[in-house]
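# this is a predicted model, with the sequence first.
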2 protein chains.
Amino acid sequence: MAINRIEATLKQYGALIDRQLQELLPHREDYLSEPIWYHMDSGGKRVRPALCLITCGALGGDPKAAIPFAVAVEILHNMFLIHDDIEDGDTMRRDKPTVWCKYGTANALNVGDYLLGRAYRSILSSSLPADKRLRLLDIFTLTYEKTVEGQALDINWRGDKGFTMEKYLRIVELKTAYYLTCGMVGGAVIAGAPEVVIEKFWELGHSIGPAFQIKDDLIDLAQGKGRGGQIGSDIKEGKPSFLYAYTLSRASKEDRDRLIEVMLKPREETPDREVEEVIALYKRYGAIDYAQDYADGLVEKAFKTIEGLPVGDKVLFRDLAQFMAQRKT
Amino acid sequence: MAINRIEATLKQYGALIDRQLQELLPHREDYLSEPIWYHMDSGGKRVRPALCLITCGALGGDPKAAIPFAVAVEILHNMFLIHDDIEDGDTMRRDKPTVWCKYGTANALNVGDYLLGRAYRSILSSSLPADKRLRLLDIFTLTYEKTVEGQALDINWRGDKGFTMEKYLRIVELKTAYYLTCGMVGGAVIAGAPEVVIEKFWELGHSIGPAFQIKDDLIDLAQGKGRGGQIGSDIKEGKPSFLYAYTLSRASKEDRDRLIEVMLKPREETPDREVEEVIALYKRYGAIDYAQDYADGLVEKAFKTIEGLPVGDKVLFRDLAQFMAQRKT
């Protein structure tokens, strides 16, 4: 029931976003348009921009006024996916070849760069007053920078022998929290919410962001990440997940050494049976249950923050928090 | 004499820029700082940002007020160098390994992304009035987008059989003109120059930009581009240069086919003697002389634009135009 309502809301707002994306992104016969639409048409629920519009409306603002910022957030998300796929060497996304796989690294890198320019353009050319536009550009730039800082840690801590839960949470805080909530923060700014309320939306990011990422780590083990049904790509890539951090902190020396050994192997040298071996290790040390509980705890924390929001429909935000923490977007 | 004066001016302003870069770019023990400073310390004359300060001062503004924008322009320049080196597969720059060669593609891509964020941050946090800050962000974003559009053509027209002078000038217009002049345009905006003057600085870009690039193409044949003394890397990479476009338009079918054949070969399969063969072709068809004359004509055009500028010291701008069109920065 709650999920149905969320899905309906997302669909409604998603259509507004898609219309604006059609306006903003080029439909020329050139080397940018084709890869952009190849990627943008491949789905995604437009959750981040919808959150922006919903928040703006819930705080008494006009959701339409938030469309340019919402679109910028959606473009940022996709720009990161395209660049991250290059960095991670991921060949599949949403069950089709990634942009770099189809158009080459040079084009994918350049297309990502171009998208970022379009995102800034979207905010700059909105009809909001100058001070709000500057504030939104500030929020956007902060989010962009923090996410890139998180990515720097993420790519350099692959198969890190000294990986800890603390390190995991630092990555997630930077790489996921900001850009999952910056749409809501922007929506609040556009609605003219007071600083204390804007702050609460950032706070929400610090709980929903990690919750989202931990669930994402779990999804990779259970059903894969839309990469042709492949399960455990985080393990193949040596990506430092919550499960990896937790198991390292619990396992015997022997198991720890074996875990690190598998994680450090290049993707193509990690056979499926070693992925299964690692999953078995995760299970043996209770990492999967612990991750589930930890994420649930974060959602509870988000619920507490939502209690303090000056919005009429608190149930909607609770449902959204739950939705974000459970579903792959 | 004129060159001495320019060098002295650049040095003076360069020091201001360097100080601000030290403030803005991180000095942490992390995965971003090291590659950033590895790259930023490797030289570069800070010509683009100096142009911003000089223009602002020449139009009666306070050059210090232009430092944040000037720094953003310098960072943009370096961000593009780092990303372009990945896209081009270039292994050497300023006579040392490129960032991707030293730190891997993932880090180089991410560092470039991060630098762009810092550039926006620099403009956002300047103390200029809101409308000027927005105008500068607009100019910066326009420049960024046009440059990326130009790069898209550049990487997709490698070894293009139907390459023409028109295509060459379209690349250069997008990829070089905007970001060579956007510092001057920003400097004029900061000084409070009227629109008609701001327009003249863009105009200057349309002549100096191509002039700069054509000279750059020539430098690659004569002394290489700081890649360990290697000459003709454009030919090895199949990069569509002015010389290539001109020779294609003049050569016999046989010579044209041979030229395309060499250009299409991957870098590592292009021996030095084939590079020499192509240079000989360029000479035979007069491409080198023609390029020299064409660039000189553009500098003359720039001089005419400078005549219409409301600045006292027109000689300084003439010297600058000449400097930019002659020297590799």
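Arrived safely.
# show me what contacts the residue in the stretch 201-329 of chain A that chain B sits nearest to?
Closest residue of the stretch 201-329 of chain A to chain B, Cβ to the nearest Cβ: A:Glu237 (11.3 Å). The C-beta positions use only the backbone N, C-alpha and C, and glycine is treated the same way. A:Glu237 makes contacts with A:Asp88, A:Gly89, A:Asp90, A:Arg158, A:Arg267, as judged by Cβ atoms under 8 Å, 6 or more residues apart in numbering or on different chains.
# which ones are touching the closest residue to the second one other than its chain neighbours?
Looking back up the chat, that one is A:Gly89. Nearest residue to A:Gly89, sequence neighbours excluded (Cβ to Cβ, 6 or more residues apart in numbering or on different chains): A:Arg267, at 6.8 Å. By Cβ under 8 Å, 6+ apart, the residues touching A:Arg267 are A:Gly89, A:Ser233, A:Lys236, A:Glu237.
# related to what we said a few turns ago, and the contacts of A:Glu237, which of them are buried?
A:Asp88, A:Gly89, A:Asp90 (16 or more other Cβ atoms under 10 Å in any protein chain shown).
# show me where the stretch 101-250 of chain A dips below the pLDDT cut-off.
A:225-229 (pLDDT under 70).
# list, one by one, the residues from it near chain B.
Contact residues (Cβ under 8 Å from any Cβ of the partner chain) of the stretch 101-250 of chain A with chain B: A:105-107, A:109-111, A:113-114, A:116-118, A:120-121, A:124, A:130-131, A:133-134, A:137-138, A:141, A:144-145, A:148-149, A:151-153, A:155-156.
# which of these are buried?
Buried, going by 16+ other Cβ under 10 Å: A:105-107, A:109-111, A:113-114, A:116-118, A:120-121, A:124, A:133-134, A:137, A:141, A:144-145, A:148-149, A:151-153, A:155-156, out of these.
# out of those, which are inside helices?
A:105-107, A:109-111, A:113-114, A:116-118, A:120-121, A:124, A:133-134, A:137, A:141, A:144-145, A:148-149, A:151-153, A:155-156 (DSSP state H).
# distance check, the residue nearest to A:Gly89 against B:Ile86.
20 Å (Cβ to Cβ, to the nearest Å).
# same check, this time on A:Lys304
For A:Lys304, the distance to B:Ile86 - Cβ to Cβ - is 45 Å.
# quick one, which of these two is more surrounded?
Taking neighbours as other Cβ atoms under 10 Å in any protein chain shown, A:Lys304 and B:Ile86 compare with B:Ile86 leading, 23 against 10.
# doesn't the more buried one fall inside a strand?
No. Counting by DSSP: H, G, I helix; E, B strand; the rest coil, B:Ile86 is located in no strand; its state is helix.
# surely it and B:Asn107 touch.
No. The criterion here is Cβ atoms under 8 Å, and B:Ile86 misses it with B:Asn107 at 10.3 Å.
# overlap of the contact sets of the two?
With Cβ under 8 Å, 6+ apart, B:Ile86 and B:Asn107 have common neighbours B:Trp100.
# residue ranges of the strands in chain A, please?
A:92-93, A:96-97 (DSSP state E).
# most tightly surrounded among the ones you listed?
Ranked by mean neighbour count, those are led by strand A:92-93 with a mean of 20 (mean count of other Cβ atoms under 10 Å in any protein chain shown).
# name every strand pairing with it and say which way it goes.
strand A:96-97 (antiparallel) (DSSP bridges).
# now do the partner strand, average pLDDT.
Mean per-residue pLDDT for strand A:96-97: 94.
# over to stretch A:319-328?
The predicted model assigns stretch A:319-328 a mean pLDDT of 80.
# please save the CA atoms from that stretch in CSV.
The C-alpha coordinates for stretch A:319-328 follow below in CSV (Å, rounded to 0.1, in the frame of the first residue of the first chain):
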residue,chain,number,x,y,z
ASP,A,319,7.5,5.8,3.4
LEU,A,320,10.1,7.5,1.3
ALA,A,321,12.9,6.9,3.8
GLN,A,322,11.9,3.2,3.9
PHE,A,323,11.6,3.0,0.1
MET,A,324,15.0,4.6,-0.4
ALA,A,325,16.6,2.2,2.1
GLN,A,326,15.1,-0.9,0.6
ARG,A,327,15.0,-0.5,-3.1
LYS,A,328,17.8,-0.1,-5.7
